[in-house]
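> Please work out how this folds:
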Amino acid sequence: MTAVITGIGIAAPNGIGTETYWEAVLSGTSGLGPITRFDASDYPVKVAGEVAEFCASGYVPGRLAVQTDRWTHLALHAADLALADAQLRPAELPEFEMAVMTASSSGGTEFGQEEIQRLWSRGPEHVTAYQSIAWFYAVNT
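Predicted structure coming up:
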C-alpha cells in the first residue's frame with residue numbers, strides 16, 4: 001500500500017491555512033487564549049485553543065451550516081484548503097478515481113450542548129432533528 005499526500009488543509013487556533021499556521025509555528029505564536037465561545041467563569045480552566053478568526057459564512061452553505069456544528073464547518077474548510085493545496089477539483093476527476101482518508105476523535109460538542117440545554121430548559125419539541133447527526137463524533141469524517 002502506498003500513501004500519497006497531495007494537499008494539506010489546516011484550521012488551527014494559531015492559523016488557518018498552511019502558510020499562516022507554519023509562520024505561527026516558526027515564530028512560536030501560541031493559539032491559546034481566553035475562552036470566548038461560552039461563559040467559563042465557573043470553570044477552573046479559562047484558556048483554550050479557539051479558531052477565533054473563522055466564520056462559516058462563505059465557506060459552508062447556509063442550509064448545511066444550521067445542520068452541523070462549528071467543528072464540522074472547520075473540517076469542511078480544512079478539506080477545501082487541502083483540495084486547493086493539491087490543485088484538485090474532484091468534479092473534474094473520473095468517478096471512483098480518488099480516495100480520501102479522514103479521522104476525527106470528536107465533533108459536534110457545541111451543537112450537542114446547545115441542544116441538550118434546549119431539551120432540559122424548554123422541552124423535546126425545541127430540539128432540532130439535526131441533533132441526531134450533528135453531535136456524532138464521526139460526523140466530520
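> count of neighbours near the nearest residue to I16 once chain neighbours are set aside?
Spatial nearest neighbour of I16, chain neighbours left out: F54 (6.1 Å); criterion: Cβ to Cβ, 6 or more residues apart in numbering. Heads up, the C-betas are built off the backbone N, CA and C, glycines and all. When neighbours are counted by other Cβ atoms under 10 Å, F54 registers 15.
> Name the SS class of F54, please.
The three-state label for F54, taken from DSSP: H, G, I helix; E, B strand; the rest coil, comes out as coil.
> From what I see, it and L74 are in contact.
Yes. Look at F54 against L74 with Cβ atoms under 8 Å: they come within range, at 6.3 Å.
> what is in contact with those two at once?
Common contacts of F54 and L74 (Cβ atoms under 8 Å, 6 or more residues apart in numbering): A11.
> Could you report the separation of the residue nearest to I16 from V66?
Using Cβ to Cβ, to the nearest Å, F54 is found at 17 Å from V66.
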